[in-house]
Each structure stands twice: as structure tokens, then as C-alpha cells.
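In: Here's my sequence, what's the structure:
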Amino acid sequence: MTIVEVAGVTHTRAGVAILHDVDLRLDAGRLVVLAGRSGSGKSTLCHLVAGVMRPTSGAVRVADRPADRVRDWAVAALLPQRLALAAEMTVAENAGLPARLRGRPVDPDLFGRLGLDAIADRAAGATSLGEQQRTALARALVLGPAVAVLDEPTGHQDDEHVDLILDTLTTAATAGTLVLVATHDQRVIDIADETVRLRSGRLVR
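Out: Now for the predicted structure:
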């Protein structure tokens, strides 16, 4: 079932074209990688799918709604490169915030899968950048969203924790989430169900 549709999308910033006439349909329950060099448009496409930006022209739809009108992290959740954690809140509080706001329980296995159990009660601001990134990833996945948009989720991880993240991504996709990952990491590309390549803002067929 198609959960994300990108139709004729062009996006410009400060008069510079970042994406050119992108068409893409993505199904639920798959791990899809956006690959390409820095500046190819991966992060911009992530932000458009996550609804934090609107395309200059064309349309982006998530679960049959314009992406920028989706406000529910159970539908579309984002792991940005700027993690936007509350430094004074604990790791568990940050990761569980979307669930608590909706009165839903937190998956008790999620923290363990991401190696966060031992630091769950520590203030997020007192943890390493890798730990903060995994905390933000847990926050993006805590509601089991229809679409999880993840921008470079392994960027601050050592090899051991990359393995934990890879397992977590495949688990989420198996559970029905479209996991859309922008990455340079070949280890993520190797486990993807599908790889979408961008070059200078255009899809490489």
C-alpha cells in the first residue's frame, strides 16, 4: 500500500533549485534509503515528506493527506540532524514524550534495542552525541508511526551501536512502518529494501 506520494516536486531555496521534478511512491512496511552526495537534496526531501517544509511546486502526500498538514507523530515522525532534545529532561522523558502526550504506553523493549536502558534516567544534556542521537531515534519510533523519516541516523555512532540501529530499523519496517532513511552509510544501504538515489536534486533511475 502506498503511504508516501511525491508528485512533480521542485523545491527552491533563496532562488536556488534544490530538487527538480521529483516523482516517488513509497509503500508501507519497507526500509527505503535516500542515497547521494552531500547537497544532492536528501535532507530537503526528508523535510518535505516529514511535513516541516512545503514544496515550491508539486505535491507531497502522506497517508492521503498533504504532508505539511500532518501533525500526528503516529502518522509521520522525524529524526532531524539537529536533534532538538530538551537538555534538562531525561533520556526516557525525551524519547517517550510523543507517547505520553497521547496517553499511550512506551514499548518497554525500545530503549533496550537502542542501548539506552542504562542511561534512561540521565539528563539528555549530560549524554554523548551518539546517545542523544539514539534518544531522538527512539522518540521518532515510539508511536510506531506509519512513516518514520530519519536523517543520517548512524552519523554519530560507533560500530556496536550502528548494529543496534540497523536492527531497530528493520524491526520497525517489519512492524509496518515505512522507514525512510537519508544516509551515506553503506551498512544502512546494504539492508534496505529499496534505494532511491539523488544527484543534484534529481532522481537517478
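In: How much space separates the nearest residue to I3 once chain neighbours are set aside from A136?
Out: Distance criterion C-beta to C-beta, 6 or more residues apart in numbering; nearest residue to I3, sequence neighbours excluded, is A28 at 4.4 Å. Backbone N, C-alpha and C define where each C-beta goes, glycine included. Distance, A28 to A136, by C-beta to C-beta, to the nearest Å: 23 Å.
In: So what's the residue count around the residue nearest to I3?
Out: Look at A28: counted by other C-beta atoms under 10 Å, it has 15 neighbours.
In: That one against V62, yeah?
Out: No. Taking contacts as C-beta atoms under 8 Å, A28 lies outside contact range of V62: 10.9 Å.
In: what do these two both touch?
Out: The contact sets of A28 and V62 overlap at 3, 146 (C-beta atoms under 8 Å, 6 or more residues apart in numbering).
In: re the thing from before, give me phi/psi at the residue nearest to I3?
Out: phi -70, psi 160 (degrees, to the nearest 10).
In: Mind giving me the packing neighbours of the lengthiest helix in the chain?
Out: With secondary structure taken from DSSP state H, the chain has its longest helix at helix 159-174. On a contact count with 3 or more C-beta pairs under 8 Å, 6 or more residues apart in numbering; DSSP states H and E, helix 159-174 meets strand 31-35, helix 110-113, helix 129-141, strand 178-182, helix 186-191.
In: Tell me how many other residues crowd A59.
Out: Burial of A59, expressed as a neighbour count using other C-beta under 10 Å, amounts to 14.
In: quick one, phi psi at it?
Out: phi -140, psi 140.
In: What pLDDT does the model give it?
Out: A59 is assigned 98 on the pLDDT scale.
In: for G39, same thing?
Out: Looking at G39, its pLDDT is 89.
In: what does the one 4 residues further on give?
Out: Listed pLDDT for S43 reads 95.
In: Now tell me what touches stretch 90-110 from outside.
Out: 73-74, 77, 85-86, 89, 111, 116, 119-124, 127, 131, 135-136, 138-139, 141-144, 168.
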